[in-house]
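Chemist: okay, sequence plus prediction incoming.
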Amino acid sequence: MFKSIRLPIILIVWLAVACAPQLTSALPTRVISDNAPTRVAQAPSEAPTLASQATSAPTLHSPTTTANDSVRTPIAAATPTATVAVPNNFDVSRALEHDRMLSVTIGKRVAGTDGGTRAADYLAQQFASYGYAVERQAFPFNAWEDDGTTVKLTAPESRDLEAQTIQYSVAGHLEAQLVAVTGLGNPEDFSKVDVKGKIALVARGTIPFSDKAKNAANAGAAAVLIYNNGSGLFGGTLHERVSIPALAASGEEGKRLLDALGKGAVSLRIDSNTSFATKDGHNIIATRRGTSADVIVLGGHYDTVSAGPGANDNGSGTALLLELARALSFAPHKLTLVFIAFDGEEFGLLGSQYYVQHLEPGDRARIRAMLNFDMLGGGSGPLLLGGDGATALKARASAKELGITAQNFSLSGNAGSDHESFARENIDTVFFLRDYNLLHTPQDTIDQVKQEYLAESGKVALRLMQRLDAE
């Protein structure tokens, strides 16, 4: 998910994020649209024959090997009532095995890397095996890589710091005095202290990372170190290029540095080797025609940040997407189904933005709703079904019918996931999510994913699809 670390019900999420507290990635809005639009491939006019798949056991083929904090405010919880019947062909064990393939066998799936390519191959293969027409939609983007960064305390003692680069930070090599900036990094905060040629130490919170970094650069700082306003290290993304290195430190490290500054001068050494290159991301689009031209898009991003394998963010949502595609392939349906595994979400919703921006107006108008599945298999608390439109209301009503507790929530403007690319075009959306605080960390591993959470989201999604198709 494009975001950063803490949420309201302790909630945390591309998705993403650009400031404190926000989902580890700020929401950059870079979308490169140099190429001509790529249209969604159309499935054959007749429904695919899926009888053989209905009876066969799942086969999870190995992928082809080839040479990315915001405050979520809870709004309301639905009280469970009596259960209703839903399609019983959703197999949560299949979903879990898909997640295992993505996060364990493949591992990190950063957009534009070999891991991302292997994941795309696997997803395309699975969708095709369920009888969908599959298209790979390529899009160019400005990729960023950290080829090695160290931050060391050089005075009053010598030791390594618990710190890392913020995505899209420029490279830099310097040793300078550390200066604490009071407040949250507004321009007026920098005017109260001399940071010229020094490293500015700023608290995370409220202001996007890129704005904090720009304010530090405008004040003459040589680098900016943003420390967490909670415990642990965090990840983030700059939504625009800044001229100085921007790094993140844990809350504990920030406190240690502030304590040291209270006793005397503190100096740091930063050696950051980051690079930029134009690469291609790939959305995997799977289509199955219905009897009407109206479309439901079901999506979720499959890319990860470089910090970890992304089993929950967003292996869980991607795995659920695959199993929903299989479960919905057996019966005839009125609505045309378009499943999309988005790439580049962690760099700022790049894949979903590209997809939406390259739709023909008529195709965009036929999309009745977009269901987004992101980071829903781990953490704690109730199932979160975000949105205030008709589709989100139906989703929460579906959860209530099934005896599943669900809650609405809202995102700040600095965090989000792929549904936002659709919402900006006035397409109705619902966002499936759970509270999770290990996103964008090495600890986001398969053991964090709970089978019962996958099952709840799968059941609600199928019931919601029943409702939408019956209208």
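Modeler: The structure has been received and is ready for your questions.

Chemist: contacts and neighbour counts: CA atoms only from here.
Modeler: Will do.

Chemist: any low-confidence regions in this structure?
Modeler: Low-confidence segments of the chain, defined by pLDDT under 70, span residues 1-88, 412-415.

Chemist: next one: stretch 269-282 to chain centre, how far?
Modeler: Averaged C-alpha coordinates place stretch 269-282 at 19 Å from its chain's average position (C-alpha atoms, centre = their mean, to the nearest Å).

Chemist: same question for that stretch: list its buried residues.
Modeler: Neighbour-count burial for stretch 269-282 flags 269, 270, 271, 272, 273, 274, 280, 281, 282 (criterion: 16 or more other C-alpha atoms under 10 Å).

Chemist: who touches it?
Modeler: If you take C-alpha atoms under 8 Å, 6 or more residues apart in numbering as the criterion, stretch 269-282 is touched by 111-112, 120, 136-154, 165, 169-176, 245, 342-344, 351.

Chemist: can you flag the buried ones in the residues you listed?
Modeler: Neighbour counting over those (16+ other C-alpha under 10 Å) leaves 111-112, 120, 136-146, 149-154, 165, 169-172, 174-176, 245, 342-344, 351 as the buried ones.

Chemist: list the ones among these that fall in strands.
Modeler: Secondary structure defined by DSSP state E assigns 136-146, 149-154, 165, 172, 174-176, 342 of these to strands.

Chemist: in the stretch 101-250 of the chain, which spans are strands?
Modeler: In order along the chain, the stretch 101-250 of the chain carries the following strands (DSSP state E, counting those that start in this stretch): 133-155, 159-160, 163-165, 172-180, 199-203, 223-227, 246-249.

Chemist: can you tell me the strand partners of the longest one and which way each runs?
Modeler: In the sheet containing strand 133-155, its partner strands are strand 159-160 (antiparallel), strand 267-288 (antiparallel), by DSSP bridges.

Chemist: which parts of the chain are helices?
Modeler: In the chain, helices defined by DSSP state H lie at 51-55, 92-100, 114-129, 187-190, 209-218, 251-261, 317-327, 350-357, 361-365, 390-401, 419-423, 451-470, listed in chain order.

Chemist: now do the buried residues in the last one.
Modeler: It refers to helix 451-470. Of the residues in helix 451-470, those buried by neighbour count under the rule 16+ other C-alpha under 10 Å are 453-466, 468.

Chemist: now that helix and helix 92-100, what's the angle there?
Modeler: With axes from the mean of the first three to the mean of the last three C-alpha atoms, to 10 degrees defining the directions, helix 451-470 sits at 110 degrees from helix 92-100.

Chemist: still on that earlier bit, just send the helices of the chain back as CSV, with distance to residue 436 too.
Modeler: Below are the helices of the chain laid out as CSV (distance: least, C-alpha to C-alpha, whole Å):
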stretch, distance to residue 436
helix 51-55, 34
helix 92-100, 17
helix 114-129, 23
helix 187-190, 32
helix 209-218, 21
helix 251-261, 18
helix 317-327, 13
helix 350-357, 23
helix 361-365, 32
helix 390-401, 20
helix 419-423, 19
helix 451-470, 12
